[in-house]
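> turn this into a structure:
(chains A and B, ligands or ions: 1)
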Amino acid sequence: MFQLLGQVLQQQDSEIGMILNTLFSLAFIVYLFYAQKIQGMTMLRQIEVSLRKIKRYRDKGKNVAVEAIKDYGKPEQDPTPQVERFIEHFMIEPVSMDPAGVVQKLGSIMNVREFTFKQEVVRMAPEATESQRNNLENLLEASLVLNQFYKIIRHYYLMGKKTMNIYIIMQIHMILPMIIKQIEAYSAALQAFRDGIPIGDSVGPIVASKLLNGAPTKLVATEMMAGEIEFEGRRVIVTKAQGPGGSVGKPGDAIDFLVNREEGKVKMLITVDAAGKLEGEEVGEIAEGVGAAIGGPGVEKYKIEKAATENNVPLYAVAIKQGMEHVVAPLVEELMEATDKAVSSVKGLILDYSEEGDTIIVAGIGNTVGVGQ
Amino acid sequence: MADSDVGPLAGATQNWTTLALMVVVGAIALASLYMGFTNYGEGNMETAFMYILIGVSGFVAIGFTFFKAKPATKTQDGPKEVEVVTTLECPQCNLKRVRAFQPGDYIFKKDEPCTRCEGMMTVTRINARKDPKEKKD
Ligand SMILES: [Zn+2]
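Predicted structure coming up:
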């Protein structure tokens, strides 16, 4: 191609041919030396476009939170400054160089965080009901995450622009599509938490509620309800976070309490939770496995595993597969249907791996926003 | 919140660079086309073809730059909300009703009296309505 081009250009004796020849050589030389810079600039430009988009999402998050607080909480003054302060809140994770007891340390820091958030919401929205307060708390947390994303991307963008270092620009450019996907998911969460719509993560609590089917429930741990049903001669204790306000509760504490209360009678522990699907897997696919199906920083998982190990209870898990874009977005139809399949799956596990007269604990893990019991 | 930080992000220099680059490419493409047609007139088919090819690809490149910049302005209105529906069922007569979601609805809420019998209708499903435009993957 280039050889041909050269021949063509050399054939020309006219002035325009000369000019074109020079221009082509010039363009080639410029590209030879500045290719990386041009590439960097193109990437920076793409990051900038995304950054604007992220800023819109962040602003929307803040506005939705402020409006919801005004609607539900009827505050005396404008909550905007309080919201702006809230979305800058941070948590410092405990040092893990000496790992003994790090879970308890993390747990107590998270308790303080939750307590602080609850107090902030009470102050911002004094008139809101408990469910509304829980939803507002989740809404503010979603805004906080959006704000964090925005600030981090902006940091890399400005740093890349300042240094024009292609490796700094590349770092953020490479992960940008994934981050945008996550940000879009969180912005869908705004609608869900504002109105109290169940989200993809609510499938665990929905399964628990369907198993309970209206059976009476009692508070067994912080924001955790538990009720008992009879299934094929087995006693099944079902626990989930206290709905319908947005809350994940403390499933670890609830399970620990229940296992110890039953004094060794528990023969099986089943956790039901939403799980990330791989590309190519269907939304709402059900998978069965062993272990504690629970996400988050690991504090609750630790408690469940500890309670199960100490009392020699086998851990079974049912996972409902969903994409990153579903986890905090309003529940989609496929997932709503998947909860019925998950209920049969739980019942199948109980029939296959327990005997009549056994006591079984089923925990519906996840955020119970928009799900009663 | 220093929102003005995004102001300089407008990247005036970068837009300027892109514009300058496009002008240069445009000039080369135009000259190439001119040369191409001149050669065509003179009967040098092969040379004419080369020039026209260069000229056209120059314009295609410019068009592509414009095309690529377009989606940025298209999503200006930000995130959109989905339509959510609530399904109510009467446990006694199995009457089923689907309506738009109202704040305060939750799954397993004993919501409103049944229109057909004495029972209370229970919310059995709340889910986002499928976007008809969205294609299945
Ligand atoms: Zn009825």
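> what's the closest non-adjacent residue to residue B:84?
Nearest residue to residue B:84 in three dimensions, chain neighbours excluded: residue B:101, at 3.8 Å (CB to CB, 6 or more residues apart in numbering or on different chains). C-beta: built from backbone N, CA, C; applies to glycine.
> per-residue pLDDT, the one you found?
Here, the pLDDT recorded for residue B:101 equals 92.
> so what's the closest residue to the ion within the stretch 201-350 of chain A closest to, chain neighbours aside?
Closest contact between the stretch 201-350 of chain A and the ion, by CB to the ion, is at residue A:214 (16.1 Å). Distances taken as CB to CB, 6+ apart put residue B:108 closest to residue A:214, at 7.4 Å, once the chain neighbours are dropped.
> show me the contacts for the residue in the stretch 251-373 of chain A that the ion sits nearest to.
The ion sits closest to residue A:372 of the stretch 251-373 of chain A, with a gap of 19.6 Å, by CB to the ion. Taking CB atoms under 8 Å, 6 or more residues apart in numbering or on different chains, we find residue A:372 in contact with A:209, A:243-244, B:106-109.
> before we move on, back to that, and for the residue nearest to residue B:84, the neighbour number?
Residue B:101: 23 surrounding residues under other CB atoms under 10 Å in any protein chain shown.
> check what pLDDT the residue of the stretch 251-373 of chain A closest to the ion gets.
At residue A:372, pLDDT is 90.
> please apply the same query to residue B:21.
pLDDT, residue B:21: 83.
> go on, residue A:277?
The score at residue A:277 is 92. That number is its pLDDT.
> same thing with residue B:79?
For residue B:79, pLDDT reads 65.
> got the domain ranges for the chain?
All of this is about chain A. What automatic domain parsing lists as the domains of chain A is A:37-195, A:200-364.
> actually, chain B is the one I wanted.
Using automatic domain parsing, the domain parsing of chain B gives B:3-68, B:83-131.
> which non-adjacent residue is nearest whichever residue of chain B sits closest to chain A?
Using CB to the nearest CB, residue B:106 is the residue of chain B that sits closest to chain A, at 3.4 Å. Setting aside the residues directly before and after it, residue B:106 is nearest to residue A:244 in space (CB to CB, 6+ apart), at 3.4 Å.
> for residue A:328, which residues are in contact?
Going by CB under 8 Å, 6+ apart, residue A:328 touches A:142, A:185-186, A:188-189, A:192, A:199-201, A:367.
> repeat that for residue A:289.
A:316-319.
> again, only this time at 7 Å
Going by CB atoms under 7 Å, 6 or more residues apart in numbering or on different chains, residue A:289 touches A:317, A:319.
> got the contact list for whatever residue of chain A ends up closest to chain B?
Ranked by CB to the nearest CB, the top residue of chain A for proximity to chain B is residue A:244, at 3.4 Å. Residue A:244 makes contact with A:131, A:196, A:368, A:370-372, B:106 under the criterion CB under 7 Å, 6+ apart.
> wasn't it part of a helix?
No - counting by DSSP: H, G, I helix; E, B strand; the rest coil, residue A:244 falls outside a helix, being coil.
> that older thread, need the domains of chain B in a markdown table with distance to the ion, can you?
Output for these, formatted as a markdown table (distance: least, CB to the ion, whole Å):
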| stretch | distance to the ion |
| --- | --- |
| domain B:3-68 | 54 |
| domain B:83-131 | 3 |
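> just the pLDDT for residue 7.
Just so you know, I chose chain A. Residue A:7 carries a pLDDT score of 59 in this model.
> ah, I was thinking of chain B
The model reports residue B:7 with a pLDDT of 42.
> can you check the one 5 residues further on too?
The pLDDT attached to residue B:12 in the predicted structure is 42.
> give me every residue that touches the closest residue to residue A:126 other than its chain neighbours.
In space, residue A:126 comes closest to residue A:73 once its chain neighbours are excluded; the distance is 6.1 Å by CB to CB, 6+ apart. Neighbour list for residue A:73: A:124-128 [criterion: CB under 7 Å, 6+ apart].
> and residue A:73, how far from residue A:135?
Distance, residue A:73 to residue A:135, using CB to CB, to the nearest Å: 11 Å.
> could you do residue B:130 as well?
25 Å.
> with residue A:108 instead?
Residue A:108 is 26 Å from residue A:135, by CB to CB.
> tell me which of those two has more neighbours.
residue A:135 (28 against 12).
> which of the three states applies to residue A:227?
Assigned by three-state DSSP, the conformation of residue A:227 is strand.
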